[in-house]
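> Any chance you can model this:
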Amino acid sequence: MEGSIIKKELEFNGARANIPAYDIPQGNRGLIHIWARNDTDTTQSLGISWEVTDPDGLIVETYADWSHGHGPGDDHEFIGGRFDLNKEGYYILNLALRMGDNVLVAAYSGVLCTVVEERVLDFDLTKPISSQTITPPGVSITIAAPITSRCSETVVASAKIIIYEGSILGGPGTEIVSYTTPPFTITPNQTKNLGIIHTTVEGTIDRRDVGVEIYVDGELIREQTWNDIYYVEADLKVLHQQILGEPDGGTIEFDPMPIDAESHYYKGTVVNLRAVVNTGFRFVMWRGEVDNELSTLLTNTVTMSENRLVKAEFALAEVEQFYPLEIDITPPEGGYVTTNPPPADITNHFVSGSVGKFPEGTRVQVAAYPNTGYEFYKWTDEIQGGTSYSNPEWVKDLMDEHRAVKAHFRQTEVPPECSVAADCGVGYVCVNGVCVPEEEAEPEGKGFPLLPAILIGGGVALAVLTVIPKKR
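Residues are numbered from 1 along each chain as shown. Now for the predicted structure:
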């Protein structure tokens, strides 16, 4: 009976290593994988069993299993159960492979793995200290950054110390310069003062922030940044403001705000300005040392290269006069009217009796829209021309007083024959027994010539007028 163990692996923390495995970090969980092969020329069963003991000789796993029907040269993977690798030292594996009628064909007794204390890499960082807290530009200062190793072993580390401009928004501003220290050896719980010499430079803000980064084997282990480690005397400029015209007309908003109550800004700061207009007033223009003098826009800017004075002019708002336009519709159910421009106070949908207001001097155009079963046929009252069959049409004169116009609609269905106009309904006349829209009937005097008739005996001449409809 011949068989062999062809591969042994230990899985831990998502990784695998060949057995025996070495320097497995403490605290992982192990999982054994064993591959066995049938080396005979007949189909066989493969049976496996193993036992794992920890450094104290305690059994942490036992496993046994059979797999059947493996032909010549076939192999099979056996997978055990997970167990803790929580002690430093040697874990031992005793392994047996059996075939057929429980015949031992291969075995392994030896090291499964060695477990070592988990490697800890960490540092405590302390706020850096500057040799001068307030300094003019161009002065050499020393910055000391204390660090304490919390690593589980002695390591070779390096540090980067970064100088930033401060920021009024919180957190570091723009990086000014960084310094990388030479590699240094540090033991567990040892404290070192990392020092650099830095020449101060002028910036757009006086505060300076300092950041410290610690690296081991090129890997960033710990980083931290502190605000306001030292100050560089800055060139400050004052932004003055003045309200012209109406003192209560409005105010000026600044973005960013000054750095103090004396309206100081750092030299070179670009300040965004906005004119805020109070009710009953209007903004006129910008004056003074703004970037866009005489601009009538509500926004502007000023560049603080020097002390600056910005001026915003406000005036009383002009009270706009409005006049009403009254719309009458006949019949009321015939349709509705809109205007161009729309009214200032109501929805642009006039029904009979609606009144909308328009600014003084506005020229208003009205448009009629019939409802189902009706059609528009004329305007009357204060409409251009007095009476108009055009749609849309202009209101007579400008809106400088109360105006009223009437929209006339008529039904689209009329009787096929008529004797008098009353048979046809509103908007139609009866001509030669036919209902005709009144605007399409020939005016008086146009049609057939007058037919004189002499009434014998009376001597009275009657002029008979014949009116014919236009062709539609």
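> From the chain's centroid, how far away is the helix or strand hosting residue 244?
Per DSSP states H and E: residue 244 is located in strand 236-245. Between the centre of strand 236-245 and the centre of its chain there are 35 Å (CA atoms, centre = their mean, to the nearest Å).
> Just after that strand, pick out the following helix or strand.
Taking DSSP H and E, what comes next after strand 236-245 is strand 250-255.
> what distance separates that next one from the centre of its chain?
27 Å.
> What are the buried residues along that strand?
250, 252, 254 (16 or more other CB atoms under 10 Å). Backbone N, C-alpha and C define where each C-beta goes, glycine included.
> can I get the residues you listed in a markdown table with pLDDT and distance to residue 366?
Below are the buried residues of strand 250-255 laid out as a markdown table (pLDDT from 0 to 100; distance: CB to CB, whole Å):
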| residue | pLDDT | distance to residue 366 |
| --- | --- | --- |
| 250 | 96 | 39 |
| 252 | 97 | 45 |
| 254 | 97 | 49 |
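> Now the strand holding residue 244: average pLDDT?
Taken as a whole, strand 236-245 has a mean pLDDT of 93.
> cool, stretch 396-405 as well?
Across stretch 396-405, pLDDT averages out at 94.
> same thing with stretch 340-359?
94.
> what's it in contact with?
320-330, 332, 336-339, 362, 364-365, 367, 392, 399 (CB atoms under 8 Å, 6 or more residues apart in numbering).
> Go through those residues and flag which are in strands.
Using DSSP state E, the members of the contacts of stretch 340-359 that fall within strands are 322-330, 336-339, 365, 367.
> Could you work out the most separated pair of the residues you listed?
Using CB to CB, the ones in strands among the contacts of stretch 340-359 reach their maximum pairwise distance at 322 and 330, which is 26.3 Å.
> I'd like the buried residues of strand 250-255 laid out as CSV, including distance to residue 35.
What follows is the buried residues of strand 250-255, written out as CSV (distance: CB to CB, whole Å):
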residue, distance to residue 35
250, 85
252, 81
254, 76
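> Which member of these is positioned nearest residue 17?
For residue 17, the nearest member of the buried residues of strand 250-255 is residue 254. The distance, counting by CB to CB, is 65.2 Å.
> need the contact list for the closest one.
So residue 254 contacts 239, 271, 272, 273 (CB under 8 Å, 6+ apart).
> Take the residues you listed and lay them out in a markdown table including distance to residue 217, secondary structure and neighbour count.
What follows is those, written out as a markdown table (distance: CB to CB, whole Å; DSSP: H, G, I helix; E, B strand; the rest coil; neighbours: other CB atoms under 10 Å):
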| residue | distance to residue 217 | secondary structure | neighbour count |
| --- | --- | --- | --- |
| 239 | 52 | strand | 21 |
| 271 | 48 | strand | 20 |
| 272 | 48 | strand | 12 |
| 273 | 53 | strand | 22 |
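> Could you find which two of the residues you listed are furthest from each other?
Across the contacts of residue 254, no pair lies farther apart than 239 and 272, at 11.8 Å, counting by CB to CB.
> Lowest mean pLDDT among the helices and strands of this structure, which one is it?
strand 451-455 (a mean of 37; mean pLDDT, DSSP states H and E).
> burial count for residue 78?
22 (other CB atoms under 10 Å).
> one step back: the strand holding residue 244 vs strand 250-255, what angle?
160 degrees (axes from the mean of the first three to the mean of the last three CA atoms, to 10 degrees).
> which strands and helices sit next to strand 236-245?
strand 250-255, strand 264-266, strand 281-288, strand 308-316 (3 or more CB pairs under 8 Å, 6 or more residues apart in numbering; DSSP states H and E).
> Grab the CA positions of the third one and hand them over as PDB.
To tie it back to what came earlier, the one meant is strand 281-288. Once non-C-alpha atoms are left out, strand 281-288 reads as follows in PDB (Å, rounded to 0.1, in the frame of the first residue of the first chain):
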ATOM      1  CA  PHE A 281     -34.000 102.100  -0.300                       C
ATOM      2  CA  ARG A 282     -31.900 101.300  -3.400                       C
ATOM      3  CA  PHE A 283     -28.200 100.800  -4.100                       C
ATOM      4  CA  VAL A 284     -26.700 103.500  -6.300                       C
ATOM      5  CA  MET A 285     -23.000 102.600  -6.800                       C
ATOM      6  CA  TRP A 286     -19.600 101.900  -5.300                       C
ATOM      7  CA  ARG A 287     -17.100 104.600  -4.600                       C
ATOM      8  CA  GLY A 288     -13.700 104.900  -2.900                       C
END
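> immediately after that strand, which helix or strand?
Using DSSP H and E, the next helix or strand after strand 281-288 towards the C-terminus is strand 299-303.
> Mind listing residues that contact that following strand?
Contacts for strand 299-303 (CB under 8 Å, 6+ apart): 239, 268-275, 286, 289-292, 308, 310.
> in its sheet, what does it sit against?
strand 270-277 (antiparallel) (DSSP bridges).
> got a list of contacts for the partner strand?
Taking CB under 8 Å, 6+ apart as the rule, strand 270-277 contacts 239, 249-256, 265, 283, 286, 290, 298-304, 310, 312, 314.
> 10 Å instead, please
Applying CB atoms under 10 Å, 6 or more residues apart in numbering, the contact partners of strand 270-277 are 239, 241, 243, 249-258, 265, 283-286, 290-292, 295-305, 308, 310, 312-314, 317.
> just the strands in the stretch 351-472 of the chain please.
355-359, 365-370, 374-381, 393-394, 403-411, 428-431, 434-437, 451-455, 460-464 (DSSP state E, counting those that start in this stretch).
> So which elements touch the shortest one?
Taking 3 or more CB pairs under 10 Å, 6 or more residues apart in numbering; DSSP states H and E as the contact definition, the neighbouring helices and strands of strand 393-394 are strand 365-370, strand 374-381, strand 403-411.
> Provide the secondary structure category for residue 230.
strand (DSSP: H, G, I helix; E, B strand; the rest coil).
> who's in contact with the nearest residue to it once chain neighbours are set aside?
If the residues on either side of it in the chain are set aside, residue 230 comes closest to residue 130, at 3.9 Å by CB to CB, 6 or more residues apart in numbering. The contact partners of residue 130, taken as CB under 10 Å, 6+ apart, are 141, 142, 143, 144, 198, 200, 208, 210, 229, 230, 231.
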